[in-house]
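Undergrad: the sequence and its predicted three-dimensional model are supplied below.
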Amino acid sequence: MIARTLGAVAIAVCATGSAMDASTPALKPIDPVALQTMAEGAAKELLLPGAMVLLQTPQGNFALGYGTTELGVTNPPRADTHFRPASNTKTMTAAVIVQLVQEGKLGFDDLISKYVQGVPNGDKITIRQLLKMRSGLYNFTNAPELAESLDHDPDKVWTTKEVLALAFDRPTHFEPGAQFEYNNTNYYLLGLVAEKIEGQPLASIFQDRLFGPLGMKNTALPVNTSNAIPEPYAHGYLYGGTSYALVDAPYPDDLQAAAKAGTLKPNDDTWQNPSPYFAAGAVVSTADDLATWIRALVGGKVLNADYQRQWLDSPEPEDPSKPEGQKYGYGISAITFGPNKVYFHGGEMPGYNSFMGHDPANDVTLIIWTNLTLSPDGKATANTLMVKILDQIYTVSPLQKAK
């Protein structure tokens, strides 16, 4: 995601410590009809044009397409439909950075000033702090001029200098390492670090290190001059201007009412140029490929055993007052509910909302994407579906209060 984490959903519902007999199965028997009925009902409530749910479990795989990839056209989403997974890109950027550390080309405690000049507090901010969202830098996607540009000049190709100026020309929020703050500037910088060390574009680095070896033929980081998405693809929609997707601003009452009444149609933001997002969120992919990716990443097929353990152990509480709440580490989040633990990331940008997660203990993989960023009442659409699906399939639900 570009603007928000799953915290608004996941922390609120995350429960730990629920009593459970060791013989109790973690997963409920999954009824495909009930699962589809629930997903379709939720999608209708959210006013989604379309959604794709891909669920892989020991009981079988379930692919649920809802609605359409384009308003006014009957074209149901499929598992191989291309879309923009936004900040799920961060998991890929982080994986490359950890690989570079694994290979001795980079250190977690290296300072960003070693690789990128002009970073505020650059002589204090480490690679580790960038990975864990603890740099204190200003988040460039919060800059109002970015949203204004995407609305009025969607074809604009943003240069690195322009993007960094959005962040560097504004005050930092806190001293490096002092706290957690989800921030796209961190991962934009990490992409530049990878390019400097490897001497090639991040798109090639992703392809050579990640997508090619894992057989992800429908995933790529497009060149920054391209607005295109390969066929088949889903159009992406958003009620109101781009600022609602980039900044956590609530929808006004009149917009909500008009959207719910059907008198306001969402904007088609499919063709906004994604160049500002780069390593923080510009990849194009499919549900099938993201399932391959998150299973490989969590399952140890991307890093060696030592660095895989460091990666799995990297998430730490976003809120120190909630040590069992949502955690963030090296480009990955983790939630725990009862005996269950899911490693995941989310993605949000104008037009799209998405979630990908894997529970290694129970061999559950869940991919969700929607082509409406926010529901009229401001809910992150894929995140809302995610909680309902986990509630449907787990014996201990993430909605269940700890006892």
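TA: Yes, it's here.
Undergrad: let me know the pLDDT of the closest residue to residue 101 other than its chain neighbours.
TA: Sequence neighbours aside, residue 108 is the residue nearest to residue 101 in space, at 5.8 Å (criterion: Cβ to Cβ, 6 or more residues apart in numbering). For glycine as for every other residue, the C-beta is placed from the backbone atoms N, C-alpha and C. On pLDDT, residue 108 comes in at 98.
Undergrad: tell me where the stretch 51-200 of the chain has helices.
TA: 89-102, 127-131, 144-152, 160-168, 184-198 (DSSP state H, counting those that start in this stretch).
Undergrad: ok, the residue nearest to residue 101 touching residue 130?
TA: No. Between residue 108 and residue 130 there is no contact under Cβ atoms under 8 Å: 9.8 Å.
Undergrad: the two: which has the busier surroundings?
TA: For residue 108 versus residue 130, neighbours defined as other Cβ atoms under 10 Å are more numerous around residue 130 (28 against 17).
Undergrad: for that one, give its distance to residue 109.
TA: Between residue 130 and residue 109 the computed distance is 11 Å (Cβ to Cβ, to the nearest Å).
Undergrad: check residue 222 too.
TA: In this view, residue 222 and residue 109 are 33 Å apart by Cβ to Cβ.
Undergrad: comparing these two, which residue is more hemmed in?
TA: Counting neighbours by other Cβ under 10 Å for residue 222 and for residue 109 shows that residue 222 has the greater number, 18 against 9.
Undergrad: tell me who's in contact with the more buried one.
TA: For residue 222, the contacting residues are 203, 228, 274, 282, 284, by Cβ atoms under 8 Å, 6 or more residues apart in numbering.
Undergrad: for it, phi and psi?
TA: Dihedral pair for residue 222: phi -70, psi 160, per degrees, to the nearest 10.
Undergrad: on the three-state scheme, the residue nearest to residue 34 when sequence neighbours are not counted is what?
TA: Leaving aside its sequence neighbours, residue 34 sits nearest to residue 392 (Cβ to Cβ, 6+ apart; 7.3 Å). Here residue 392 is recorded as helix under DSSP: H, G, I helix; E, B strand; the rest coil.
Undergrad: ok, now residue 205?
TA: Following three-state DSSP, residue 205 is assigned to helix.
Undergrad: state the distance from it to residue 194.
TA: Taking Cβ to Cβ, one finds residue 205 at 6 Å from residue 194.
Undergrad: what's the overlap in contacts for the two?
TA: By Cβ under 8 Å, 6+ apart, the residues touching both residue 205 and residue 194 are residue 96.
Undergrad: ok so, going back, in CSV, list the helices of the stretch 51-200 of the chain along with distance to residue 72.
TA: Listed next are the helices of the stretch 51-200 of the chain as CSV, based on distance: least, Cβ to Cβ, whole Å:
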stretch, distance to residue 72
helix 89-102, 30
helix 127-131, 42
helix 144-152, 22
helix 160-168, 34
helix 184-198, 32
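Undergrad: can I have the longest strand anywhere in the chain written out in PDB, keeping just the CAs?
TA: Longest strand in the chain by number of residues (criterion: DSSP state E): strand 340-349. Extracted in PDB, the C-alpha atoms of strand 340-349 (Å, rounded to 0.1, in the frame of the first residue of the first chain):
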ATOM      1  CA  ASN A 340      -2.200 -18.500  14.500                       C
ATOM      2  CA  LYS A 341       0.400 -16.200  12.900                       C
ATOM      3  CA  VAL A 342       0.100 -14.600   9.400                       C
ATOM      4  CA  TYR A 343       2.900 -12.800   7.600                       C
ATOM      5  CA  PHE A 344       1.500 -10.300   5.200                       C
ATOM      6  CA  HIS A 345       1.600  -7.000   3.500                       C
ATOM      7  CA  GLY A 346      -1.100  -4.700   2.000                       C
ATOM      8  CA  GLY A 347      -1.300  -2.400  -0.900                       C
ATOM      9  CA  GLU A 348      -3.200   0.700  -1.600                       C
ATOM     10  CA  MET A 349      -3.100   3.300  -4.300                       C
END
